[in-house]
Every structure is written in C-alpha cells, then in structure tokens.
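# Got a sequence here, can you model it:
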Amino acid sequence: MRKPWLLLVVLVLSLATPVVALADDGPFGDEGYNWEDPVFLVAGTRVDVSIASDVPDGETVSRPTRVFLFVPRNVEASVVDDGGLEVRLMRVGRYWGGPVPLHVVVFKPRTDEGSRYPVSVVVQAGDREFPAQGVSGAPIHVWGWVPEPAD
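Next up is the predicted model:
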C-alpha cells in the first residue's frame, strides 16, 4: 500500500497521451496552411477548386484571392459557392461536342509584407482531378474538362 500514487500517476499519463495526440492537426492544421474552396457547376458536373497556401509565420494577406473559371459560351455554368473569394465565370469560345473544356486561373496575392509563398490548386471535376502548383503573386493555371453533357 506504499505506492498507490505511482499507479495514479501512470493512469493519468496514459489517459493524457491520446488527448495530446488527438489535438495535433498535423501539417495542414496549425502550421500556417490556409484552405479556400469555391464551387462551380459546369454542364451539370460539380467543379471544386481547392486552394491550399502556406503563408509565412507572422505575415498577413489582406487582399482577396481571385479565381476565374473560363468555359465555352454555349455551356451551362454557374457559381455555386464563391467561398468568400473574388470569383468570376468567364465565357469564351464555343463548345462543339465531346468533353467540355475548362480553364481555371487562381491568383493569390503576396503577403502584406511583400513575401511570396507556395500555393497548391486542385480542380476536381466529377471524378477527375487536375492539380497545379505555383507561388503567390503570379497566376496559377489549371486546365481540365468535364464529361460531355447528356442531352
């Protein structure tokens, strides 16, 4: 009966360890990553634009991210959710059949302090993914397509 406190300490430590592990968000949580995700509908297919950026510690970005989606003029398309970003749907060219082409341009501004930082963009159109990498302060282009619309 001399060491009941030792058993109590071991029990408390064994219960506290999983709580600390669950609190760690990993590389995309606490370490400065920002996620943005506008959503479009093109020819009946949902198009998600996932934007991940790693702003340097201690710096800020007060200007908005701009996202442009270019689709043919004669294809039904709309913005479902702008995700709080400056989003524009641009009509260019004509659609003549087959998969519907799309072109996404993402522009992340530099930090207020003038630094550039890495930016990753993934356009998911239906079951297809179209990834691109770039840096802030320069346009990031992603080309892709959605399946041919059913008549």
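
# use CA for all of it now, contacts and neighbours both
Fine.

# mind checking how far His103 is from Trp145?
Computed with C-alpha to C-alpha, to the nearest Å, the distance linking His103 and Trp145 is 8 Å.

# Give me the more crowded residue out of the two.
A side-by-side neighbour count of His103 and Trp145, using other C-alpha atoms under 10 Å, places Trp145 first with 22 against 16.

# how close does that one sit to Val79?
Here the criterion is C-alpha to C-alpha. By it, Trp145 lies 16 Å from Val79.

# can you check Ala150 too?
Looking at Ala150 against Val79, where the rule is C-alpha to C-alpha, the gap reads 20 Å.

# Looking at those two, which is more packed in?
Here Ala150 and Val79 are compared on neighbour count by other C-alpha under 10 Å; more neighbours surround Val79, at 17 against 6.

# is it true that that one lies in a strand?
Yes - with DSSP: H, G, I helix; E, B strand; the rest coil as the criterion, Val79 is assigned to a strand.

# That one pairs with what?
With beta bridges defined as DSSP bridges, Val79 has these partners: Phe40.

# Just confirm it contacts Arg46, I think it does.
No - at 9.9 Å, Val79 and Arg46 do not qualify as touching, with contact defined as C-alpha atoms under 8 Å.

# check contacts around Asp112.
When contacts are counted by C-alpha atoms under 8 Å, 6 or more residues apart in numbering, Asp112 touches Glu59, Thr60, Val61, Ser62.

# Show me the contact partners of stretch 138-151.
If you take C-alpha under 8 Å, 6+ apart as the criterion, stretch 138-151 is touched by 42-45, 97-109, 121, 123, 125-126, 130-134.

# Give me the mean pLDDT for it.
Across stretch 138-151, pLDDT averages out at 90.

# any idea whether Val67 is helix, strand or coil?
Put simply, Val67 is strand when judged by three-state DSSP.

# Could you tell me the per-residue confidence at it?
Here, the pLDDT recorded for Val67 equals 97.

# measure it to Ala150 for me?
With distances taken as C-alpha to C-alpha, Val67 is found 27 Å from Ala150.

# Ok, Trp143 next?
When distances are taken as C-alpha to C-alpha, Trp143 and Ala150 turn out to be 22 Å apart.
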